[in-house]
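# task: produce atomic coordinates for the following.
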Amino acid sequence: MLTIYRTDASGHVDEIKDFDKGSWIQLVNPTKDEADQVIEASGIPEDFVYDPLDIEEKPRFEKDDEGLLMIIDVPYVEEDDTGRTYNTIPLGIIVTGRHFITVCSRDLDVLNLFANGKARLFRTNYRSRFVFQILHRVSMTYLRFLRQIDRRMDELEQELQRSMRNQEIFQLMNLQKSLVYFMTSLKANDSVLDRIVKTPSLEKHEEDEELLEDVFVEHRQAMEMASIYNDIISIKMEAFGSIISNNVNFVMKFLASITIVLSIPTMISGIFGMNVQVPWEGQPFGFIMAITMMIGFSGLAFYILWRKRYF
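Here you go, the predicted structure:
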């Protein structure tokens, strides 16, 4: 999908048809014709448009005579039968002398915020500020998703204390995988941020310094949170594995103890049921004595096992 936006003097975002100077060109999973239109209108290399569409593309910063290409990993969330899954996807940001271009293989809430005119001080022709605003929103999205992961970890911990089902373990594994994706993407984005700050091609106005500082603060905070949560979930997974193993051992001990207690009456009844002479044979109290022995020895075995905490 190809969409072109431009802000007016009051900051209102309008959708336009032409590739005007100072416009924002948004490509979301574009067709070849749409990509070729943008390449022809902006004069940028084909790789600038097609590379960000590869979901395996790594974050990087590239400079060309026609413009700059910045690829960063942006977080997103998906819902499936096992719950929420968090992942990252490449977003290409291309800055030329006339246009600001974003390329991604899926629709992103980060960019929809700007397209809907909900971003404060947003202007399509302020290209450097637009880059910093996108980076700021991406860092905020990482932080928001990390807080969601933290809350979900606490919920799963409480559920596991009650049930110990495999479903909760699988959800914890998904969260741990998501944190690994976040950590890898944040580290890769960090190198791109450093290149953005050092490049003279992006003009940095005095009023944008505070925004750029916020980008770095929240980005580093996201990196620290992802690392901390990954360590926490690793500890929890090991702890839950030990708890489950301990519970299995307890169940096995309990079943073995029950088997021992119940085997005593069976053994005594088998002895007195033999086709040979046995004590109290033919006596009226013989049955009572046999039952008394069963109860007595079973009770003794139960008491010994109970003292050893097998029950």
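# going forward, measure contacts and count neighbours with C-alpha atoms only.
Noted.
# burial count for the residue lying closest to Thr85 once chain neighbours are set aside?
Of all residues not flanking Thr85 in the chain, Glu78 sits nearest, at 5.2 Å (Cα to Cα, 6 or more residues apart in numbering). The number of residues packed near Glu78 is 9, by other Cα atoms under 10 Å.
# who's in contact with Glu78?
Arg84, Thr85, Tyr86 (Cα atoms under 8 Å, 6 or more residues apart in numbering).
# show me the contacts for the second one.
Contacts of Thr85 were listed using Cα under 8 Å, 6+ apart, and they are Val77, Glu78, Glu79, Asn174, Leu175, Ser178.
# now list the buried members of these.
Asn174, Leu175, Ser178 (16 or more other Cα atoms under 10 Å).
# can you tell me the closest non-neighbouring residue to the first one?
I take that to be Asn174. Thr85 (6.5 Å).
# could you measure from the one you found over to Ser234?
Taking Cα to Cα, to the nearest Å as the measure, Thr85 falls 17 Å from Ser234.
# mind listing the strands in this structure by residue range?
2-7, 13-16, 23-28, 60-64, 67-80, 83-95, 99-104 (DSSP state E).
# ok, and for the shortest one, which residues are buried?
Taking 16+ other Cα under 10 Å as the basis for neighbour counts, the residues of strand 13-16 that come out buried are Val13.
# how far out from the middle of the chain is that strand?
35 Å (Cα atoms, centre = their mean, to the nearest Å).
# quickly run through the sheet partners of that strand, with directions.
The pairing partners recorded for strand 13-16 under DSSP bridges are strand 2-7 (antiparallel).
# contacts for the partner strand next, please.
13-19, 22-28, 30, 34, 115, 123-125.
# next one: stretch 150-166
Under Cα under 8 Å, 6+ apart, the answer for stretch 150-166 is Glu168, Gln171, Leu172, Leu175, Tyr229, Ile233, Phe240, Ile244.
# got it, and stretch 122-130?
Here stretch 122-130 has contacts from 5-7, 11, 21-24, 95, 99-100, 114, 202-204, 208, using Cα under 8 Å, 6+ apart.
# same deal with stretch 37-46?
With Cα under 8 Å, 6+ apart as the criterion, stretch 37-46 contacts Phe19, Ile25, Val49, Glu66, Gly67, Thr96, Arg98, His99.
# which one of those residues is nearest to Thr259?
Using Cα to Cα, Val49 comes nearest to Thr259 of the contacts of stretch 37-46, at 70.3 Å.
# give me the pLDDT for that closest one.
Listed pLDDT for Val49 reads 88.
# now do the contacts for it.
By Cα under 8 Å, 6+ apart, the contact set of Val49 is Ala35, Ile39, Gly92, Val103.
# hmm, 7 Å instead?
Ala35, Val103 (Cα atoms under 7 Å, 6 or more residues apart in numbering).
# can you pull the contacts of the residue lying closest to Tyr5 once chain neighbours are set aside?
Using Cα to Cα, 6+ apart and skipping the chain neighbours, the partner closest in space to Tyr5 is Glu15 (4.5 Å). If you count contacts by Cα under 7 Å, 6+ apart, Glu15 has them with Ile4, Tyr5, Arg6.
# what residues are bridge-paired with the second one?
If I follow you right, that is Tyr5. Applying DSSP bridges, one finds that Tyr5 bridges with Glu15, Trp24.
# and the contacts of Thr85, which is the shakiest by pLDDT?
Within those, pLDDT is lowest for Glu79, at 77.
# for it, list each beta-bridge partner.
Arg84.
# gap between the closest residue to Ser227 other than its chain neighbours and Leu68?
Leaving out its chain neighbours, the residue that sits closest to Ser227 by Cα to Cα, 6+ apart is Met183, at 6.7 Å. Distance, Met183 to Leu68, by Cα to Cα: 25 Å.
# ok so, going back, quick check on the contacts of strand 2-7: which are buried?
So, by 16+ other Cα under 10 Å, the buried ones in the contacts of strand 2-7 are 13, 19, 22-28, 30, 115, 123-125.
# cheers, nothing more for now.
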